[in-house]
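Engineer: pasting the sequence and the predicted model now:
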Amino acid sequence: MENGNSQPSHGHQPNDRVKLNVGGKLFETTQSTILSGGSESLLAVLSNRLAHDTDPVFIDRDPEIFSVLLSLLRSNRLPSTARRFSKQELTDEAVYYGIESHLRSAMSPPPFTGIDASVVATVRPASDGHPSAFTAASGDGSFWIAHGGQISSYDWNLLHAATIRTHLDDITSIRRIWSDIAAIGSESAAGLHFYDISSDRLVGSNHWTDPSDPRIYKARVTAIADSPSSVFASFDCPHKENSILVIDKSTLQIASHVGRQPGNSTKNTVPGKLTWLPEKSVLVASAISSGAFGYSGYIRLWDSRSGKMVWETNEPGSGRSDRYGDSFADVDADAEESILYKICSKSGDLGMADLRNLGEDPWVYLKDKNPSMRKTSGVGSSVIHCYGKQVFVGREGSVEVWSRVEGVEKEKEEWEGLYRRNYVDKVEDSERGIIKRIEGGGNRLFVSREDAEGIEVWETSHSSNCVSVL
Amino acid sequence: MPPFEGSATNGAGRTKTDSNIVTVDVGGQIFQTTKQTLSLAGPKSLFSRISVSHSGPPFIDRDPELFSVLLSLLRTGNLPSKAKAFDLQDLISESQFYGIEPLLLNSLSNPSQFDAFNLEKSLVLPLNGRNSPSTIATTPCGSVHVAHGSKITSFDWSLRTKSTILTQFTAIDSLLAISPSLAAAGATDFSGLQILDLQKGIVKESLNWENVTRSSSTVQAIGSSPELLFASFESGRRNSNSIMVYDLQTMSPVAEVGHSEIYGADIDSAIPATKLNWVSGYSLLMASGSHSGPSGVLGNIKFWDVRSGNVVWELKEKVDCFSDIAVSDNLSGIFKVGVNTGEVYFSDLRNIDSYNPWVCLGDRRKPVNGKKEGVGCKIESHGNQVFCSKGGNIELWTEVVMGSSKQSDVKLEDRVFRKNLMGRVKDMGGSKITNLAFGGNKMFVTRKDQQNVEVWESSGRGF
C-alpha cells in the first residue's frame, strides 16, 4: 500500500504519500491521486517540488472546498458535501487547482436519452428574456442566446458568462463558429456579422453584392451553418433573389456562391434551414412555407466543394407519391448517421431517407405503434431536430422522441419497426407554449418556446430524484 | 469481537503480527480496529488485503470521515446516526470501493426488516415521460423495475439511482425480475417472452411457445420458483393456451403444463392463466384466470404439480369470482377478492377439498348482485400479511392467533382475520391502485394515471 520514506534519489512512486496543508487543515493523499488531475495542475506541480520535504505543502485556500475536490480526485465523483458550495465556487476553486476538466466530467450530465429526461433549468436572460435565436453548437453543453439584439453566453455549467449588445435589433440566426466568435444574421437588417463575445466587438461583416447586378443589395440572412473551414449563410434580397454564400472561416471573407435562384416561386425561395454533413461535405438546404393549401417546399443537397447540387426533392411533389398532400412540415439531417428526417404536416408521421442511398422516392415512413399517441396527428406547428441518434419532434407544445430499440438488427425495409415514439415531456410541460426550436449539445437538449422567456434545458439523470413524502 | 484487546500499539516494542489490533491510515487519519472486525467485511473486500499487509500502518487514500462511518457499520452492523450527514450515494460508492456494499445493503434494505404494521409512505419515485406504470417487478434486495409504455426504468436497491431502457413492446403487461439486471417481460399484444438485460438494454433471449395454429403466442402471466420460470402463453387466435416451464439458469424449456386447445364454445378451457404463483411450501404452481362473459365472470384456480404435469386441485369459480388472487405460504391459505362484492375471501390450503372452500372475511351479508365492486382490486400476500387494494386504499389483513391452541387444531371457521386501512389520513385515498409489490423492507405502489411509484417503508434505522 505504501512505500515508507522514499529516498529523494528514487524519484516519485505513484504510491508516494503527499501531505498537504490547505488553510491550516492537513490532508494526506498519494502521488497518483494528485497526478490524476493532470500533470500540469497546480497540485501536481506543488507536490512535485516539495514531495520529499517532511513538511506538508501549504496552500492558502479554503480547506472545505479542497476536501470536496480531493474526494473528486480520489473517487471520480462529487461527494454530497459539494452541495454546500455553489457551482461557481467549485468551478473557481477547480480552476485554481488546475483540475477543471475533472470537475467538468464529474458534473456533466450522462448521455442524453429522450426516453428518460427532465427539465433541469430554465435559463432566462436578465432583460429581453424572449430568445430570438440560440446556438448550442459547441457541444460541451454551453450555449449562446440571442435576445433583443444582445447575445448572452452561458458556460457548460449553465452559468452566465457574458452578455454583449450587437448593432442588430433582432437576431434571427446565430451560429457559434469559433469558440469566441458568433455569426449572426437578422431578417430585418442586412448582412452576416461576426461578433467576438470575449472582447465584445464586431470583428467582421459580409454582404451579398454582385457588381454585374445592381439589384443584389440589402440581402438578409435567413440561416447559418458551418463546417470546420467554412461558414454557410443563405441570403435573401428584398426582391426575393437568394443564394447561399460560402465564407472562409479563417479570413471571414466570401469564398463562393451556391445555388443562386430568383426566388419568385416556392420552389426557389430562400432556404430557412442549413445543415452541413461532414461525412460527404454535403450542405443540406431546405425551405418550407405554409399557406392556405398546406405546406410546400424543397430539400436540396449541395456538394460544398464543387457547389453542385447532388439531390433535390420538392413537395408537394407529383401526384404519384402515396403521401401526396402530406408534405413535410420540417426537415433535419442526422450527420452522425447520415439520415434525413422529415415530419409530415398532416399525418404527423416521421419520414426517413438514407443519405447514402437517395433516389426518386427514398422515404421510409415510421408509423406510430403506440396507440396512446395517435391523437396527436395533424397538428399545426412542428419542429424536428436530430441529436444523439434520436429524433426529437416538437408538436405545438409537446416534445416527443423517436428512438431506436437497441440490439435489433433488421433490413432497411423494416426500419419502421425499429423506432419507438415516446413523449419526452409531461402534459404540464407542453402547456408552456408552442415550441420554436429544439437543439441538442453536450448531452443536453435546449428548447425555446413561443412567448416564453428563457430556454429550457433538459438532461438525463442517473439520480432517481426521489421525493420524500414523510 | 473483544472491544479491548491487549494494549499494544504500533509504537510499542511488541511485534505487530502478534497483535490483534489493526491500524490503518485513511487519508491522513489513524484508525484502529481488530482483525475480526475487518474480517466481517468478507474475503472480497479491500480490508482482507489490508489485514495481511506488512510494515507500518497501511495508507488508504480515501476520505477519512466516510471511512469512519463504514467502520462503524463493520463494527455494529448498523450505520451510525452521523451517517445521515452524508448522502446515501456517497456511502454506496465508498462501500463499493471497499467492497462492502452487501453489508450496507443488509443494514438498510433487508427483507427481515419488513414490518407491515410499520409501513408508511416515505418516497415517491418520479418517472419521466407521459406513460403511467403498467406493471412493476421487485427483487428481494429492494430494487424495483417499472414498466411504463415501451420503457423499463430500473431503480437500484437504494432507490437513489435509476436507468431506463427502451423495449420492443408498446406496453408491457407482465414483468418479473430474475436478477437486479435481468428481467422477463411479456405483453398481451406482443408475441413471445423476452429476457431483457436491463443494463445494456438488449434482448438477451426471446422465448416462444409453438402453438398448433402457428400463430403468434402472447404472454398472459409470468411467474418463477427458485429454479424455474413459468410463462402463461395464449395463441394469437386465442384458441389455445399453455403454461411453459423454463429453467431459470439456462432458459431452456423444461416442461409444458396445462396445454389446452379450444374447440367449440368450451369457455372454461379457453381461459388462460393470468396469474402464476409458486407455492413453495407445497411445491405447487398456482395458476388462475378468469373470463368475463354474458353470464358473469367465470374463472378457475388450478394447482399444478410441475414435475408430473397434473392438476392437483382445481376450483371453478362461478359465484362472485375472484378479481385477483393471492396464495400465502406463511398463512397456508388462498385469498381472493370477489369481483361482485369486493370482499376478501379466505380458503385454507390444508382444507381445500370441500365443496365451497371460501370463507368471507369481510361483510358476509353482502348480496351477490350485478354490481362489480371488486373490479381492478389487487390482492398480494407478503410475509404474514395479505394486502388488498380497493380503489385508492390498501387493506392490510392479519391473522389474529387466538388462545393457546396450535394452529393445526383450529378449524377453518375459527381462524380470525382482521383488517386495517394502511397509511396515515393524508396518505389515504388517491387514484386507484394498479400495482402492489414488495421488495427489501419496502412496499411499492403504483396508481392510475400517476407517473410515479410510491414507496412505503418500515421506519426505523432507515436513511
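Structural biologist: Nice, thanks for sending it over. Residues are numbered from 1 along each chain as shown, chains lettered A, B, ... in the order given.
Engineer: B:Cys141 touches B:Pro102, doesn't it?
Structural biologist: No. B:Cys141 lies out of contact with B:Pro102 (C-beta atoms under 8 Å); the separation is 9.0 Å. (C-beta placed from N, C-alpha, C; glycine too.)
Engineer: of those two, who's got more company?
Structural biologist: More crowded of B:Cys141 and B:Pro102, by other C-beta atoms under 10 Å in any protein chain shown: B:Cys141, with 18 against 14.
Engineer: give me the secondary structure label for the nearest residue to the more buried one once chain neighbours are set aside.
Structural biologist: Nearest residue to B:Cys141 in three dimensions, chain neighbours excluded: B:Trp157, at 4.6 Å (C-beta to C-beta, 6 or more residues apart in numbering or on different chains). Three-state assignment for B:Trp157 (DSSP: H, G, I helix; E, B strand; the rest coil): coil.
Engineer: contacts only, for B:Trp157.
Structural biologist: Neighbouring residues of B:Trp157 by C-beta atoms under 8 Å, 6 or more residues apart in numbering or on different chains: B:105, B:108-109, B:139, B:141-143, B:180, B:440.
Engineer: from those residues, pick the one nearest chain A.
Structural biologist: B:Ser143 (10.9 Å; C-beta to the nearest C-beta).
Engineer: can I get the CA coordinates of whatever helix or strand A:Ile184 lives in in PDB?
Structural biologist: In the assignment (DSSP states H and E), A:Ile184 maps to strand A:181-185. Provided in PDB are the C-alpha atoms of strand A:181-185 (Å, rounded to 0.1, in the frame of the first residue of the first chain):
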ATOM      1  CA  ILE A 181     -17.000  34.200 -32.400                       C
ATOM      2  CA  ALA A 182     -20.700  34.200 -33.200                       C
ATOM      3  CA  ALA A 183     -22.000  34.600 -36.700                       C
ATOM      4  CA  ILE A 184     -25.300  36.400 -36.600                       C
ATOM      5  CA  GLY A 185     -28.000  37.500 -39.100                       C
END
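Engineer: what are the buried residues along whichever helix or strand comes after that strand?
Structural biologist: Remark: after strand A:181-185, the chain's next helix or strand is strand A:192-196, criterion DSSP H and E. Neighbour-count burial for strand A:192-196 flags A:192-195 (criterion: 16 or more other C-beta atoms under 10 Å in any protein chain shown).
Engineer: please state the offset of strand A:192-196 from the chain centre?
Structural biologist: From the chain centre to the centre of strand A:192-196 is a distance of 19 Å (C-alpha atoms, centre = their mean, to the nearest Å).
Engineer: can you list the helices and strands that it packs against?
Structural biologist: strand A:181-185, strand A:201-206, strand A:230-236 (3 or more C-beta pairs under 8 Å, 6 or more residues apart in numbering or on different chains; DSSP states H and E).
Engineer: just the residues contacting it, thanks.
Structural biologist: Here strand A:192-196 makes contact (C-beta under 8 Å, 6+ apart) with A:151, A:164, A:166-168, A:177, A:180-185, A:201-207, A:221, A:224, A:231, A:233, A:235, A:245, A:247, A:252.
Engineer: pairing partners for that strand, with directions?
Structural biologist: strand A:181-185 (antiparallel), strand A:201-206 (antiparallel) (DSSP bridges).
Engineer: and the longest one with strand A:230-236, angle?
Structural biologist: Read it as strand A:201-206. Here the directions of strand A:201-206 and strand A:230-236 differ by 70 degrees (axes from the mean of the first three to the mean of the last three C-alpha atoms, to 10 degrees).
Engineer: show me the helices in the stretch 151-300 of chain B, by range?
Structural biologist: Remark: no helices are assigned in the stretch 151-300 of chain B by DSSP state H, counting those that start in this stretch.
Engineer: hmm, who's touching the lowest-mean-pLDDT helix or strand in chain B?
Structural biologist: Lowest by mean pLDDT, DSSP states H and E among the helices and strands of chain B is helix B:46-50, with a mean of 77. Residues outside helix B:46-50 that contact it (C-beta under 8 Å, 6+ apart) are A:1, B:22, B:24, B:38-39, B:41-42, B:58, B:60, B:74, B:97-100.
Engineer: return the closest of those residues with respect to B:Asn277.
Structural biologist: In terms of C-beta to C-beta, no member of the contacts of helix B:46-50 lies closer to B:Asn277 than B:Gly42, at 34.1 Å.
Engineer: so in chain A, which helix runs the longest?
Structural biologist: Determined from DSSP state H, the single longest helix within chain A is helix A:63-75.
Engineer: for that helix, buried residues please.
Structural biologist: Neighbour-count burial for helix A:63-75 flags A:63, A:65-75 (criterion: 16+ other C-beta under 10 Å).
Engineer: which secondary structure elements does that helix contact?
Structural biologist: If you count contacts as 3+ C-beta pairs under 8 Å, 6+ apart, helix A:63-75 packs onto strand A:17-22, strand A:25-30, helix A:31-35, helix A:87-97, helix A:100-107, helix B:88-98.
Engineer: nearest to A:Lys308, out of the ones you listed?
Structural biologist: With C-beta to C-beta as the yardstick, what comes closest out of the helices and strands packed on helix A:63-75 is helix A:100-107 (42.2 Å).
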